[in-house]
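# here are the coordinates; sequence isn't available:
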């Protein structure tokens, strides 16, 4: 298998890691909110919005890269 064939799989795995980290951070955010850290939680949510906004583009790009030729 040529190295170039590995790139889409690598990008897919990196994206999966990113989404898992987003979910874990969101859990910590909810935990913090429940304990009165609304300011910190709000800041974290703002940062996580970047991941959410980029997810659609990342998914579409991965679909194109992984599509059979």
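Done, it's in. Just so you know, these numbers come straight off a predicted model, no measurement behind them. Residues are numbered from 1 along each chain as shown.

# where in the protein is pLDDT low?
For the chain, the stretches flagged by pLDDT under 70 are 1-4, 69.

# in the longest helix belonging to it, what counts as buried?
Ranked by residue count and defined by DSSP state H, the top helix of the chain is helix 3-34. For helix 3-34, a neighbour-count test (16 or more other C-beta atoms under 10 Å) marks 8, 12, 15, 22, 29, 32, 33 as buried. Every C-beta, even on glycine, is put in place using the N, C-alpha and C of the backbone.

# CSV please, covering the residues you listed and showing distance to residue 63.
Below are the buried residues of helix 3-34 laid out as CSV (distance: C-beta to C-beta, whole Å):
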residue, distance to residue 63
8, 10
12, 10
15, 11
22, 19
29, 29
32, 35
33, 34
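
# and the longest helix of the chain, what does it pack against?
When contacts are defined as 3 or more C-beta pairs under 8 Å, 6 or more residues apart in numbering; DSSP states H and E, helix 3-34 sits against helix 38-66.

# what angle separates the helix it packs on from helix 3-34?
Between helix 38-66 and helix 3-34, the angle comes out at 160 degrees (axes from the mean of the first three to the mean of the last three C-alpha atoms, to 10 degrees).

# for helix 38-66, name the packing helices and strands.
Using 3+ C-beta pairs under 8 Å, 6+ apart, helix 38-66 sits against helix 3-34.

# thinking again about what came up before, which one of the buried residues of helix 3-34 is nearest to residue 58?
Distance to residue 58, by C-beta to C-beta, is smallest for residue 15 among those, at 5.5 Å.

# show me the contacts for that closest one.
Going by C-beta atoms under 8 Å, 6 or more residues apart in numbering, residue 15 touches 58, 59, 62.

# perfect, I'm done here.
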